[in-house]
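>>> Sharing a model prediction with you, sequence too.
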Amino acid sequence: MRGQDDERHGGGDGGRVSLGAAELGAEPGRRASLVQFSSAFCQPCRATRRILAEVAGMIEGVAHIEIDAEDRLELVRSLGIEKTPTVLVLDAAGRIVRRAAGMPRKADVIAALGAAV
């Protein structure tokens, strides 16, 4: 996604971690998942929710999963999430292929999905 990619974690996790329904709290997409970490009073999180839901609705087999960062602190810490919104793009196996902090642009989300599908 655009210039706020979190490069400390590379393109994701190097394929080490796989996130599934148990970790995400929802069923991942058949082809890819857009995982959004949000917090209650985060204004950019609302806009990010709309963007990701719209993209997921456009591409068959892609799910948008929103996770409340405050409710899932253990997961947030294990993934190194430092601010909201943070978006992870997961491939069909649940591996992180892209991650970015901040509100993404729709075109950037679509482009990032290219790395996952």
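Received the coordinates, thanks.

>>> residues of the helix ranked longest in the chain that come out buried?
Assignment by DSSP state H gives helix 43-58 as the longest helix of the chain. Neighbour counts over helix 43-58 (16 or more other Cβ atoms under 10 Å) mark 45, 48-49, 51-52, 55-56 as buried. For the C-beta atoms, the positions are set from N, CA and C on the backbone; glycine is no exception.

>>> On the three-state scheme, Ser33 is what?
Secondary structure for Ser33, judged by DSSP: H, G, I helix; E, B strand; the rest coil, is strand.

>>> which parts of stretch 108-117 are buried?
Residues 108-109, 112-113, 116-117 are the ones in stretch 108-117 that count as buried (16+ other Cβ under 10 Å).

>>> let me redo that: stretch 94-108
Of the residues in stretch 94-108, those buried (16+ other Cβ under 10 Å) are 94-104, 108.

>>> Which members of those residues occur in helices, if any?
Per DSSP H, helices hold the following members of these: Asp108.

>>> Would you quantify the distance from Arg72 to Ala63?
17 Å (Cβ to Cβ, to the nearest Å).
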